[in-house]
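> 3D model of this:
(2 chains)
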Amino acid sequence: MLQSKLFCKTKKIAPKDAEVVSHKYLVRADFIEQSSSGVYRFLPLGFKVLKKIENIIRAEITALGCQELYLPALQNKNLWQETGRWNTIDPPLFKLKDRHQKELGLGPTHEEEITDVFRKRIKSYQDLPLYIFQIQNKFRNEMRANGGLLRTREFLMKDLYSFHLNEKDLAGFYEKVKRTYFEIFRRCGLNPVCVEASSGTIGGDLCHEFMIPSPVGEDKVLICQKCGYGANTEKTGEIKKCPKCKSDIGKERCIEIGHIFNLGTKYSKAMRAEYLDKEGKTHPAIMGCYGIGLPRLMATVVEKNYDEKGIIWPKEIAPFQIHLVLLGGVEKIERASEKIYQDLIRSGLEVLCDDREKSAGEKFADADLIGIPTRIVVSEKTLAKDSVEIKEREEKASKLVKINDLVPLAGRVKEDKSSFPPFATLG
RNA sequence: CGGGGUGUGGUGUAAUGGUAGCAUAAACGCUUUGGGAGCGUUUGACCCGAGUUCGAAUCUCGGCACCCCGACCA
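Sure thing, here's the model as predicted:
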């Protein structure tokens, strides 16, 4: 991608309403833009990152044996009345009327929808367990949106639902999802703590949240440094000693990036989602649900990966892998670097090529702000030595690499994605 | 929903009730070309409505929008 064609206009100064780092940088680098309170536009760079996160989640969840479907945002009032949540869910539903004055709700979550889908086709124990998920937009009528993408009223969410014969089967799957969640977050460059929490209006007895310690987090979480026990203070209240090992327990502010619930039979009983066992006896299915909010995850990644100049994207979710920056008389350099650019692309790398007629300072400032993990500079200086300059965004120092060494090395990336960063091993 | 605050070019800001200015971004020209370059020219703004006043960005009232603290959430 040529940067001269990229739909991205960076800003020197953040809008005054932006307070948290992720909001400031994501707006300045033109990844996102606020449309109205708690509602955001994703511009090409931001959308690329969101899609990468989505694809990681999809791959990991699919690997668990889950199937993807897609449910509507516009939902029938009747379903919500079956569970009694039409008026009780908190935050309350966004409600609207169609032209015949019939009431509809915009889905903040999809237990009602998925349970309806389930009960219409699953009648036998032989069809269980069933794991089914979607990546879909949610609408939540929050009291207040805040922190840029950290808390919005419309957001993309991965919601997975599982149906089981019994509690034991659910417990096993619940643990598998937990491990998968850790893997998803690791690939996004985060290392969360899993803590016990309270389930709010989703319901169920047992649930766990995945927490990232951060001063801009809205939750207060107790984390025991000794035994690793963690709990949200909304579940335990204020306690001083770890309930597991009795040692002193510390409190930290955290951002909640994922939440998994053991729903039990709350929805299957209310909506009669039942199956027949071998003896022909009827049982309500045991359910679990598991959510990850994508924009919040994206913002949290920025909160944990930045410096005074801008974002430092983890390799797997960066909008591009290589930022090829052409310095000097661009036309001449462009001709000289055309082969480098094409070879990198052929190696399977995503390359953003800064071919703009701008000063070196401005190009570097934009590159640092946008935060692509590896920067390759081509200039008269480097070409005089048949070289390019390579710098990792997270490192201070750069190194000169012969152009002839560059491409064979990049070529390895295609076969083995885990060899990222592709150039780090060069001396 | 309770409390607090803010609305001026795309962005960030200034202007006792008296000519809406600055920076940045953008456009054009010339000069520059390794860390947001220089000179010149140019485009572009007072949230909406009513009121007070000779005169309102400024004061009053109403509306709308947005932000922050609290409670709720992925």
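> I'd like to know how far the residue of the stretch 251-400 of chain A found nearest RNA strand B sits from A:Glu362.
Closest approach of the stretch 251-400 of chain A to RNA strand B (CB to the nearest atom of the strand) occurs at A:Gly293, with a separation of 2.0 Å. The C-beta positions use only the backbone N, C-alpha and C, and glycine is treated the same way. Distance from A:Gly293 to A:Glu362, counting by CB to CB, to the nearest Å: 35 Å.
> going by neighbour count, which residues in the longest strand belonging to chain A are buried?
Secondary structure assigned by DSSP state E gives strand A:250-264 as the longest strand of chain A. By 16 or more other CB atoms under 10 Å, the buried positions in strand A:250-264 come out as A:252, A:254-264.
> can you tell me the SS state at the residue of the stretch 51-200 of chain A found nearest RNA strand B?
Relative to RNA strand B, the nearest point of the stretch 51-200 of chain A is A:Gly200 (1.9 Å; CB to the nearest atom of the strand). Following DSSP: H, G, I helix; E, B strand; the rest coil, A:Gly200 is assigned to coil.
> just give the nearest non-adjacent residue to it, would you?
The shortest distance from A:Gly200 to any non-neighbouring residue, by CB to CB, 6 or more residues apart in numbering, is to A:Asp90 (7.0 Å).
> count the residues that sit near that neighbour.
13 (other CB atoms under 10 Å).
> distance of it relative to A:Leu352?
From A:Asp90 to A:Leu352 the distance is 43 Å (CB to CB).
> please apply the same query to A:Ile223.
From A:Ile223 over to A:Leu352 the distance is 39 Å, taken as CB to CB.
> so between those two, which is more surrounded?
Neighbours per residue, other CB under 10 Å: of A:Ile223 and A:Leu352, the larger number sits with A:Leu352, 23 against 18.
> restricting to C-alpha, output the helix or strand harbouring the more buried one in CSV.
A:Leu352 is part of strand A:351-354, with elements assigned from DSSP states H and E. Output of strand A:351-354 as CSV, limited to C-alpha atoms (Å, rounded to 0.1, in the frame of the first residue of the first chain):
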residue,chain,number,x,y,z
VAL,A,351,4.0,-3.2,3.5
LEU,A,352,3.0,0.4,3.9
CYS,A,353,5.3,2.5,1.6
ASP,A,354,5.7,6.1,2.6
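> next, the buried residues of it.
A:351-354.
> give me the next element, helix or strand, following that strand.
helix A:360-370.
> other SSEs contacting that next one?
strand A:310-311, strand A:322-326, strand A:351-354 (3 or more CB pairs under 8 Å, 6 or more residues apart in numbering; DSSP states H and E).
> mind putting those strands in a markdown table, mean pLDDT and distance to RNA strand B included?
Below are the helices and strands packed on helix A:360-370 laid out as a markdown table (pLDDT from 0 to 100; distance: least, CB to the nearest atom of the strand, whole Å):
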| stretch | mean pLDDT | distance to RNA strand B |
| --- | --- | --- |
| strand A:310-311 | 98 | 8 |
| strand A:322-326 | 96 | 9 |
| strand A:351-354 | 96 | 11 |
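> just the element for the residue nearest to A:Gly200, please.
In the assignment (DSSP H and E), A:Asp90 maps to no helix and no strand.
> quick revisit: who has more neighbours out of A:Gly293 and A:Glu362?
A:Gly293 (24 against 13).
> quick one on the thing from earlier: tally up the residues packed near the residue of the stretch 51-200 of chain A closest to RNA strand B, please.
Counted with other CB under 10 Å, A:Gly200 comes out at 14.
> could you measure it against A:Glu234, distance?
In terms of CB to CB, A:Gly200 sits 9 Å off from A:Glu234.
> looking at chain A, which helix or strand does the model trust least?
Using mean pLDDT, DSSP states H and E, the weakest-scoring helix or strand in chain A turns out to be helix A:403-415, at a mean of 70.
> ok, which stretches of chain A are helices?
Assigned helices in chain A, in chain order: A:21-28, A:44-63, A:77-83, A:85-88, A:111-121, A:167-187, A:233-236, A:266-270, A:294-304, A:330-346, A:360-370, A:380-383, A:403-415 (criterion: DSSP state H).
> which stretch among the ones you listed comes nearest A:Lys97?
Closest of those to A:Lys97 is helix A:77-83, at 9.9 Å (criterion: CB to CB).
> off-centre distance for the closest one?
Chain-centre distance of helix A:77-83: 30 Å, with CA atoms, centre = their mean, to the nearest Å.
> and it, what does it pack onto?
So helix A:77-83, by 3+ CB pairs under 8 Å, 6+ apart, packs with strand A:103-106, helix A:111-121, helix A:266-270.
> in its sheet, what does the first one sit against?
Which is strand A:103-106. If you go by DSSP bridges, strand A:103-106 pairs up with strand A:74-76 (antiparallel), strand A:94-97 (antiparallel).
> now the last one: mean pLDDT?
Right, strand A:94-97. Mean per-residue pLDDT for strand A:94-97: 92.
> contact partners of it?
With contacts defined as CB atoms under 8 Å, 6 or more residues apart in numbering, strand A:94-97 is touched by A:103-106, A:108, A:139-141.
> could you redo the last one with a cut-off of 10 Å?
The contact list for strand A:94-97 (CB atoms under 10 Å, 6 or more residues apart in numbering) reads A:73-74, A:77, A:80, A:86-87, A:102-108, A:139-141, A:153-154.
> tell me the contacts of the closest residue to A:Phe185 other than its chain neighbours?
Computed as CB to CB, 6+ apart, the closest residue to A:Phe185 that is not its neighbour in sequence is A:Pro192, at 5.2 Å. A:Pro192 sits next to A:181-182, A:184-186, A:209-213, A:230, A:254-258, A:300 when contact means CB under 10 Å, 6+ apart.
> show me which of those residues are buried.
Buried, going by 16+ other CB under 10 Å: A:181-182, A:184-185, A:209-212, A:230, A:254-258, A:300, out of the contacts of A:Pro192.
> lowest pLDDT pick from these?
For the buried ones among the contacts of A:Pro192, the pLDDT minimum is A:Gly230, 89.
> hmm, it is touching A:Glu256, no?
No: when contacts are counted by CB atoms under 10 Å, A:Gly230 is not listed as touching A:Glu256 (11.9 Å).
> domain ranges for chain A?
Using automatic domain parsing, the domain ranges for chain A come out as A:21-307, A:320-419.
> which one is A:Gly46 nearest to, not counting chain neighbours?
Nearest residue to A:Gly46, sequence neighbours excluded (CB to CB, 6+ apart): A:Phe31, at 3.2 Å.
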